[in-house]
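**Student:** Sequence below, structure please.
(chains A and B)
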Amino acid sequence: MLSPVILIPAVLNGLMTGAIYALVALGLTLIYGVLHIINFAHGALLSAAMFAAFFAHAQLGLDPYLAAVFLTPLFFLFGYGLQRFLIGPAAHGEDRNFLLVTLGLAIVIENALLYAFRADTRTINLPYAFSTIEVGSAFLAVPRVIAFVAVVAVTAVLWAIMQWTDTGKAIRAVAKEKLGAELSGIDVAHIYAVTFGLGTACVAVAACLLIPTYYVNPTAGDAFVLIAFTIVVLGGMGSITGALTGGLFVGLVESLSSVFLGQSLGQIGIFVMFIVVLLLRPNGLFGERA
Amino acid sequence: MKAYFAIFGTVALLSLVPFVTTSNVVLNFLVMTLLIALAGQGWNLLGGYGGQYSFGHAAFFGTGAYATAILQVRCDLNAWLGLVVGIAAGMLVGAAIGGMTFRSGLKGSYFSLVTLAFAEVLRIVASVAPITGAGVGTLIKLDLRPEAFQFQSRAPFYWIALAFVGLSLIVVRTIEESRFGAYLVAIRENEDAAQALGVNTFALKLAAMTISAAMTAAAGCFYAQYFLFIDAPIAYGSWISIDALLAPIVGGVGTLFGPLIGALVIKTLGEATKLLTGGAPGLDLVIYGVVLIAVVGLAPRGVAGWLRRAPQSERSRG
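**Tutor:** Residues are numbered from 1 along each chain as shown, chains lettered A, B, ... in the order given. The predicted structure follows:
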């Protein structure tokens, strides 16, 4: 049972699944870190992005990795618009209302997808979906390796944007001190919308990386979002590096627990971990104690 | 006293419906509306008055439903006793979840998230555990006697559901007028300030959650008894968590009649869309979502707040 022949592939596969989780969590943590709201529509947006990637392939014959080039800016604009023209105005600046509006949005998106495409589960066939590369004793699926590399790259780019660009600095300023940022001439409503857009763009990238090896249906995104919530809580709300490490960690735990406990219990493991972490360390494993 | 007259008046008026119509469609619709109003009143006590927004009231609804059903099927317990035990089981789950979350100081979005996670854990457990009938669900044996809480016609069910709603209105009205209610509102408005003034916020939130769970669990017990069937997606599914919060928010969050008005509005809306769209899956929920956003955006205090909107409330929002 503990032979390295089983263990090493499980570890590597876990890390690769974890990378996707990390990307979904990255969008969530970014929005939380700046707007201080939990975006309940994140999962629905992921499902929508997966449908977009699916139809880009099915109707236009676009490779998902190529589709990412178009879908990422498109979803950035979509997220920007949602926050600027719908969520922001409807919430009247109250946390409770943000929760309810994003919950409402999730219900609308998910059920609009259900209405348009029914509950059928769809997959796409790509010539390279089953090709593998050999690493030591482990065979790794090519799309998952690509996803892993892409996630690390996206995280690096996002980190660089936050660190060095004017917009990134403005985002960090708003996250730290909203009133002060507003007084020094930063357009807070715009920065909120940009942040929401970036979070939504992360989801679009994640969708394009997922679709070669995963299925899509109107609630496909939900599974990822509860995991993403766990990661965000684990890594500390608002922390980019925390999201990446937390994501890899959760992927690892899930993969190893399904080796030792079997598939169906792995699902509960994540919720239990989520509840335990929230109850014991609500500021995350890496965050400071309140 | 005026509020109690309003409660008795409303209940008395509604109790006349079965004399006007015996249509099963109408009574079915009204029974479901009353169930949502009851579950929503539970949510309203904790969320509306106490400011703790639960996204997982399905945990209480499902526990009540399963406890009633399982005790009857596996232990041959009388259905009325099952109802009592079901409510108690819901309260126990409420106290347990409340105890854990409030003890660790979870507030706002964290509280919403963790309640959602608890409901999901229960749903997954219920869908695999043998005692709940796993994926097949639990079927309550047909036994059409009043002693078994089963009736030939819909009318008795309707009156009992109405009695529950009336009772929940009286309970919430009594709390509203009491010191307990005032403390709850204080916690909603500013928890730190309430605590600094010596309010035991933990005990109060826990009490509110337990009473809230009792009402929602009662709705669950009643649901199981009405349909004589329960499975994991019905009992612990997100539909009831959403309906339970949507009703008070649409009707008027933190108001006595909010959940009842809201339940009537969303159920009417749901039925109307079903008729218009021919039961296309998802479309009724799309409209639910739009209504939720619209209410939060345009009438944050719901139908009740909108009805008696004073002109100065517009100005103060600024």
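**Student:** Helices of the stretch 51-200 of chain B, start to end?
**Tutor:** Using DSSP state H, counting those that start in this stretch, the helices of the stretch 51-200 of chain B run over B:58-75, B:79-103, B:108-128, B:154-177, B:179-189, B:191-196.
**Student:** Those helices: which one's closest to A:N97?
**Tutor:** Smallest distance to A:N97 across these (Cβ to Cβ): 11.8 Å, for helix B:108-128. (Glycine included, C-beta is placed from N, CA and C.)
**Student:** one step back: which of the helices of the stretch 51-200 of chain B sits closest to A:I146?
**Tutor:** Taking these one by one with Cβ to Cβ, helix B:108-128 is closest: 31.2 Å.
**Student:** does chain A sit close to the closest one?
**Tutor:** Yes: counting by Cβ under 8 Å from any Cβ of the partner chain, chain A is contacted by helix B:108-128 at B:108-110, B:112-114, B:117-118, B:120-121, B:124-125, B:128.
**Student:** thinking again about what came up before, go through the helices of the stretch 51-200 of chain B and pick out the most buried.
**Tutor:** Comparing those by mean neighbour count (mean count of other Cβ atoms under 10 Å in any protein chain shown), helix B:58-75 ranks first with a mean of 27.
**Student:** B:V185 contacts B:Y49, correct?
**Tutor:** Yes: in this structure, B:V185 is within contact of B:Y49 by Cβ atoms under 8 Å, at 5.9 Å.
**Student:** any common contacting residues for the two?
**Tutor:** B:G254 (Cβ atoms under 8 Å, 6 or more residues apart in numbering or on different chains).
**Student:** Tell me where the stretch 51-200 of chain A has helices.
**Tutor:** Ranges of helices in the stretch 51-200 of chain A, per DSSP H, counting those that start in this stretch, are A:64-81, A:88-91, A:95-117, A:142-164, A:166-176, A:178-183, A:188-210.
**Student:** Out of the ones you listed, flag the one nearest A:G43.
**Tutor:** Per Cβ to Cβ, nearest to A:G43 of the helices of the stretch 51-200 of chain A: helix A:95-117, 6.6 Å.
**Student:** Help me see whether the closest one makes contact with chain B, please.
**Tutor:** Yes: residues of helix A:95-117 contacting chain B under Cβ under 8 Å from any Cβ: A:95-97, A:99-101, A:103-115.
**Student:** circling back: just the closest of the residues of helix B:108-128 next to chain A to B:L13, please.
**Tutor:** Taking Cβ to Cβ as the measure, B:L13 lies nearest B:S112 of the residues of helix B:108-128 next to chain A, at 35.5 Å.
**Student:** do you know how far the nearest residue to that closest one once chain neighbours are set aside is from B:V114?
**Tutor:** Spatially, and ignoring its direct neighbours in sequence, B:S112 is nearest to B:F55 (4.5 Å; Cβ to Cβ, 6 or more residues apart in numbering or on different chains). Distance of B:F55 to B:V114, given as Cβ to Cβ, to the nearest Å: 9 Å.
**Student:** ok, B:V172 touching B:G42?
**Tutor:** No: using Cβ under 8 Å, B:V172 is not in contact with B:G42, being 9.3 Å away.
**Student:** returning to that earlier point: tell me which residues touch the residue nearest to B:S112, please.
**Tutor:** By Cβ under 8 Å, 6+ apart, B:F55 lies in contact with A:L103, B:S112, B:L113, B:T115, B:L116, B:A119, B:S241, B:L245.
**Student:** do A:L252 as well
**Tutor:** Applying Cβ under 8 Å, 6+ apart to A:L252 gives the contacts A:V11, A:G14, A:L15, A:G18.
**Student:** Make CSV out of the residues you listed and add pLDDT.
**Tutor:** Shown next, in CSV, are these (pLDDT from 0 to 100):
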residue, pLDDT
A:V11, 87
A:G14, 87
A:L15, 90
A:G18, 91
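**Student:** Most neighbours out of those residues, which is it?
**Tutor:** Using other Cβ atoms under 10 Å in any protein chain shown as the neighbour test, the contacts of A:L252 are led by A:G18, with 27 neighbours.
**Student:** Please give the element, helix or strand, for that one.
**Tutor:** Here A:G18 sits within helix A:4-35, counting by DSSP states H and E.
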